[in-house]
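Asks: For reference, the sequence and a predicted model appear below.
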Amino acid sequence: MARSEVTVTELLKYNTGYVGVGDAIDLTNDHSIDVSDIKDENLLIVIENATTETGTATIVASAAYSEYTQGDLVLAIGASETMTVALESSRFKTAAGLVLIDMASAGVLTGKIYASRLV
């Protein structure tokens, strides 16, 4: 089954506030983010856990680039917590230009996922 795409919001790097566009967490299909036109460390992901228990989100390492040997990045997101991570593309970007995120590999996650491109 196809992964749910996460909407990417463009953010200016300096002195501008934004309201992000969040997508509902999809535990069935997981998520992908199209990063084909996002350079280096200019991707910011925010995952909000609206449940009363901890859940995990796994950002999947991709063998397409040099740093994949560092493996997946597993984020334990506590009850009612919001976690933010800036990604380095050579570890996670697939050959198709996607970042893949598996949701709730442990526990439960509900809430929203946000992706922002810094420009």
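Replies: Received, thanks. Numbers count the residues shown, from 1 in each chain.

Asks: For the lowest-mean-pLDDT helix or strand in the chain, buried residues please.
Replies: When the helices and strands of the chain are scored by mean pLDDT, DSSP states H and E, helix 89-92 comes last with a mean of 80. Residues 89, 91, 92 are the ones in helix 89-92 that count as buried (16 or more other Cβ atoms under 10 Å). Where C-beta positions appear, they are placed from N, C-alpha and C, glycine not excepted.

Asks: One more: stretch 17-25?
Replies: By neighbour count on 16+ other Cβ under 10 Å, the buried set for stretch 17-25 is 20, 22, 23, 25.

Asks: ditto for stretch 68-77
Replies: 68, 72, 73, 75, 77.

Asks: likewise stretch 59-67?
Replies: Going by neighbour count (16+ other Cβ under 10 Å), the buried part of stretch 59-67 is 59, 60, 61, 62, 64.

Asks: distance between the ends of that stretch?
Replies: 14 Å (Cα to Cα, to the nearest Å).

Asks: Repeat that for stretch 24-37.
Replies: 23 Å.

Asks: and it, how far from the chain's centre?
Replies: 7 Å (Cα atoms, centre = their mean, to the nearest Å).

Asks: now it: mean pLDDT?
Replies: Over the span of stretch 24-37, the pLDDT mean works out to 92.

Asks: Show me what counts as buried in stretch 110-119.
Replies: 111, 112, 113, 114, 115, 116, 117, 118.

Asks: Closest one to residue 48 out of these, please.
Replies: Nearest to residue 48 out of the buried residues of stretch 110-119 is residue 111 (Cβ to Cβ; 4.0 Å).

Asks: hey, what's that closest one bridged with?
Replies: Applying DSSP bridges to residue 111 yields these beta-bridge partners: residue 49.
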